[in-house]
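Novice: coords please:
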Amino acid sequence: MPKLVCVRHGQSIWNLKNLFTGWVDVDLTDQGILEAKKAGSLLKEYKFDHLFTSVLTRAINTANIIQSEMGVQIETTRDQSLNERHYGDLQGQNKAEVGEKFGKEQLHIWRRSFDTPPPNGESLKMTRDRVVPYYNNNIKPFLENGKNILIVAHGNSLRGLIMYLEGISENDIPNLNIPTGSPYLYEMDEKLNITLNKYL
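Specialist: Okay, here's the model as predicted:
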């Protein structure tokens, strides 16, 4: 039966600084490197047939560290469809300062609402609407053939995918937070019904 594992990249430099990152291409912190190594050690017992990442450095390096820790080289596809949500005008700004400037309620809406984008950026809905077709066209066929897949991506691209896979509602999705560097496992039957989902 196929397995799908999703990993949010390890802590990035801008995660640490509490900045909106989006498509800005920042690297991992030392803590992020350790998180990626831990993810790799947790995944050693698994065999993956294909690896998918975004085109952003923090996801690519997390994936490389995981493979190194597992002692394998997995055939890899990188695509910007799996990139983090684009935060538009907020990219590079400190989240606390944005809250002070626009109010905590507006900050919460921009960060957590399903369909309200920040200025010149993407909402979670817009992110989901590029991730899900990519999953269906490029990742799902591997799973349908019984292959095991590893996805290393970002908080919001993975939230959009998990929302789709688990049928999470628009009202409940704001409560879903994906920690950095923590592998999330799906086991599926031959019809890709989820039989198990858990953090490792």
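Novice: Sketch out the low-pLDDT regions of the protein for me.
Specialist: Across the chain, nothing is flagged by pLDDT under 70.
Novice: Tell me where it has strands.
Specialist: 3-8, 50-53, 76-78, 149-153, 184-188, 194-199 (DSSP state E).
Novice: show me the residues around residue 116 that make contact.
Specialist: 109, 110, 123 (C-beta atoms under 8 Å, 6 or more residues apart in numbering). Using the backbone N, CA and C atoms, a C-beta is placed for each residue, glycine as well.
Novice: Show me just the buried residues among these.
Specialist: 110, 123 (16 or more other C-beta atoms under 10 Å).
Novice: Now, the contacts of residue 116 that are in helices?
Specialist: 109, 110 (DSSP state H).
Novice: Reformat the contacts of residue 116 as a markdown table; add distance to residue 38.
Specialist: Listed next are those as a markdown table, based on distance: C-beta to C-beta, whole Å:
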| residue | distance to residue 38 |
| --- | --- |
| 109 | 33 |
| 110 | 31 |
| 123 | 32 |
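Novice: ok, of the contacts of residue 116, which one's closest to residue 140?
Specialist: residue 123 (23.8 Å; C-beta to C-beta).
Novice: And the helices in the chain?
Specialist: Going by DSSP H, the chain shows helices at 13-17, 30-42, 57-70, 95-102, 104-112, 124-134, 140-144, 155-166.
Novice: Which positions within the third one qualify as buried?
Specialist: Residues of helix 57-70 classed as buried under the neighbour-count rule (16+ other C-beta under 10 Å) are 58, 59, 60, 61, 62, 63, 64, 65, 66, 67, 69, 70.
Novice: Just give me the closest of these to residue 134.
Specialist: For these, the nearest to residue 134 is residue 59 (14.1 Å; C-beta to C-beta).
Novice: Contact partners for the closest one?
Specialist: 9, 53, 82, 152, 153, 154.
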